[in-house]
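Enquirer: Sequence plus the predicted model coming up.
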Amino acid sequence: MRPILTSLFALGLLTAPAFAEPVDLELVFAADGSGSIDDDELRLQRKGWADALTNPDVLAGIRDGPLGAIAVAFMEWGGPSSQVLIADWHVIRDEASARVFADKLMSAPRGATGYNSISNAIDFSVRLVEQNAHEGTRRVIDVSGDGPNMNGRSLEYARAEALSKGFTINALAIRRPGSGRPGGPGGQPLEDYYARNVIGGPGSFVEIADETQPFAAAARRKLLTEIAGTDAPSSRSASFSRKTGTTLSHDARTRHAGISAARASRPSP
């Protein structure tokens, strides 16, 4: 009888659901590691996120949450078959835990190859969240890139599936005027393309990194908004109204102010 009970007990342990650690936010950084990003730019992006996560204002925002903790993971994407987990899930509560994650992020080797499958990056990010050991009040995928979706499965379908599962998708458009790099299809501004085709879910928004706002500043601003769970200020971000088909600044939706007004209000360098 004892061997049977022992076996049943062991089976119970194996089949029991894993404990999910509660956090305020589950956040996947889905960063562009494609062929359009050189090694210096890749390091600049990683450092921008690492500095943002260890910023005193960001850490204060994390502590102010109901649970005082967020769970983060960082992946880089390239072509349809190239999604690389750079830093696995890690809970950030304070400066010490933030620096552990930042160090992992900065020390990991480059891995993504090929060109621009944002759709497959979204799918990969969804799986990362669904398979982790955390339970967040909110689930956010933070896409950053310097070009549109070019390969992989339909971006429309990938986005729709993520939203149907309760995810919010935000984006950071990396604009480099004069670089000759692609914006959106047909020459549309990259932030407009991301607003129309990538972001979605409650409070979703596009942040912009360009000559007037370096990547590190954009990353910090974006992270503060995501941790707070509020709409982003319109001076540096935009959302898209699927009802009207227009891009709207967040604090002027009722006035139907376009993204051009947001650009006009930016501070000079």
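Expert: Yes, it's here. Numbering: from 1, shown residues only.
Enquirer: Residue 165 against residue 126, yeah?
Expert: Yes: in this structure residue 165 lies within contact range of residue 126 using C-beta atoms under 8 Å: 6.6 Å. C-beta here means a position set from N, CA and C on the backbone, and glycine is covered the same way.
Enquirer: who's more crowded, these two?
Expert: Remark: of residue 165 and residue 126, residue 126 carries more neighbours, 19 against 12, as counted by other C-beta atoms under 10 Å.
Enquirer: check contacts around that one.
Expert: Taking C-beta atoms under 8 Å, 6 or more residues apart in numbering as the contact definition, residue 126 lies against 141, 161-162, 165, 167.
Enquirer: List the ones among the residues you listed that fall in helices.
Expert: Taking DSSP state H as the definition of helices, these contribute 161-162.
Enquirer: Just give the closest residue to residue 66, not the sequence neighbours.
Expert: Distances taken as C-beta to C-beta, 6 or more residues apart in numbering put residue 24 closest to residue 66, at 6.0 Å, once the chain neighbours are dropped.
Enquirer: Now that neighbour: which helix or strand?
Expert: Assignment of secondary structure by DSSP states H and E places residue 24 within strand 21-32.
Enquirer: Pairing partners for that strand, with directions?
Expert: Taking DSSP bridges as the criterion, strand 21-32 forms sheet pairs with strand 70-77 (parallel), strand 134-145 (parallel).
Enquirer: Could you dump those strands into a markdown table with mean pLDDT, distance to residue 202 and mean neighbour count added?
Expert: What follows is the strands paired with strand 21-32, written out as a markdown table (pLDDT from 0 to 100; distance: least, C-beta to C-beta, whole Å; neighbours: other C-beta atoms under 10 Å):
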| stretch | mean pLDDT | distance to residue 202 | mean neighbour count |
| --- | --- | --- | --- |
| strand 70-77 | 98 | 17 | 25 |
| strand 134-145 | 96 | 8 | 22 |
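Enquirer: Please produce a markdown table containing these, extended by distance to residue 107.
Expert: Shown next, in a markdown table, are the strands paired with strand 21-32 (distance: least, C-beta to C-beta, whole Å):
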| stretch | distance to residue 107 |
| --- | --- |
| strand 70-77 | 12 |
| strand 134-145 | 20 |
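Enquirer: Residue 149 in helix, strand or coil?
Expert: The local conformation at residue 149, judged by DSSP: H, G, I helix; E, B strand; the rest coil, is coil.
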